Structure formats: C-alpha cells, structure tokens
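Trainee: Can you look at this prediction? I've put the sequence above it.
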Amino acid sequence: MGKKTEIFSNRDLKNMILPLFLEQLLVMLVGMADTFVVSYAGEAAVSGVSLVNQFNTIFIYLFTALASGGAVVISQYIGRKTMDNAGESASQLLLFSTVFSVIISALVLPGGGWLLRLLFGRVEPDVMAACVTYLRISAYSYPALAVYNSGAAIYRSLGKTDVPENNFIVSMIPWTT
C-alpha cells in the first residue's frame, strides 16, 4: 500500500469553507433584515414577509444547488486543464440559471396569490395582501439571485472563494446606511 496523498490541507479546507459559510449566513440574514425593515408597517407586514421568506428559501436553495452542480462540472474541466470546456460550461451555467429563474419568476408573478393560498391556507386578508406584495418584489429578484449564485460558483471553481463574499458584503452596504 502506498502513502496517503493529501488533496486538500486543513488550511485549504478552512480557506474554502469559511467564505462559503459566511456567504450563506449573509444570504439568510437578508430575510431577517427584510422583516426588521417592515416592522414599522405593523404585524400584518411582518407576518407576510415571514411567510414569504419561508417560500423564498426554497428558491435560494434551488438556485444554490443549480450553481453548485455547475461548479462541480466547471471544476472538473479546470482539473483536466480543458479551459475551453470550463469556459463553455460556465457560459451554459449562467445562461441556464438566467432562463430558469426568469421562467420561475414569470410563473410566480401571476400565480403568486394562488400559490400562497395553497401553501399557507386561510390567512388574514391583510397578511395575505402583504404576502402577495412581498412575493412580487421577491420574484423580480430571482434572476439576479440566480445569476449571483452562478457567478459565485464560477469564482469558487477558479479558487477565488473570497470574491463572492466580498461582493455580497459590498452590495449590502446601501441597506445598512
């Protein structure tokens, strides 16, 4: 039996996992920030945002999973040193993420109220109105979220795990001032 070779050192893993963890933490904090921001509008608005955040979490994870799968393919091509295939895979990931998220948005925008009633049943009318309003706002952001996740996955494939985290932090500055 030969010696065990170490593909990644503990330091490499820490440098890869820490930015991923922080980025996902920040993504989840956006929903909490939304709830905090609308708290001045009353209980119905807070309830509506909270309900829709549960729904939005599904799409956040769906777009993240799509991007992660694409990152695996891109990383394999980079590992094989076939950069043309890696570039083509990155383009396909961005294209598919964009088209897929636009389709999801196009389905959620007109059918959001029906979908929310199906998921959450009977809710007070003012809470449902807040849900529908927040869902529409959120649905418009799905393509941007999907493209961001795809871009972040491509940067991770290139070994630049801190770039997506830094971009996310910078994009949040207007919300905190």
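Mentor: Nice, I can see it.
Trainee: Name the SS class of the residue nearest the centre of the chain, please.
Mentor: Taking CA atoms, centre = their mean, the centroid of the chain lies closest to I60, which sits 3.9 Å from it. Here I60 is recorded as helix under DSSP: H, G, I helix; E, B strand; the rest coil.
Trainee: wait, what's in contact with it?
Mentor: Shown in contact with I60 (CB atoms under 8 Å, 6 or more residues apart in numbering): 27, 145. Just so you know, the C-beta spots here come from the backbone N, C-alpha and C atoms, and that holds for glycine as well.
Trainee: okay, now V49: neighbour count?
Mentor: Burial of V49 is recorded as 27 neighbouring residues (other CB atoms under 10 Å).
Trainee: least trustworthy helix or strand in the protein by mean pLDDT?
Mentor: Using mean pLDDT, DSSP states H and E, helix 162-176 stands out as the lowest-scoring helix or strand of the chain, at a mean of 61.
Trainee: Tell me where this protein has helices.
Mentor: Assignment of helices within the chain using DSSP state H yields the ranges 10-37, 43-79, 83-120, 125-157, 162-176.
Trainee: so for the first one, what's the average pLDDT?
Mentor: Just to be clear, that refers to helix 10-37. The predicted model gives helix 10-37 an average pLDDT of 75.
Trainee: so what does that helix touch, helix or strand wise?
Mentor: With contacts defined as 3 or more CB pairs under 8 Å, 6 or more residues apart in numbering; DSSP states H and E, the packing partners of helix 10-37 are helix 43-79, helix 125-157, helix 162-176.
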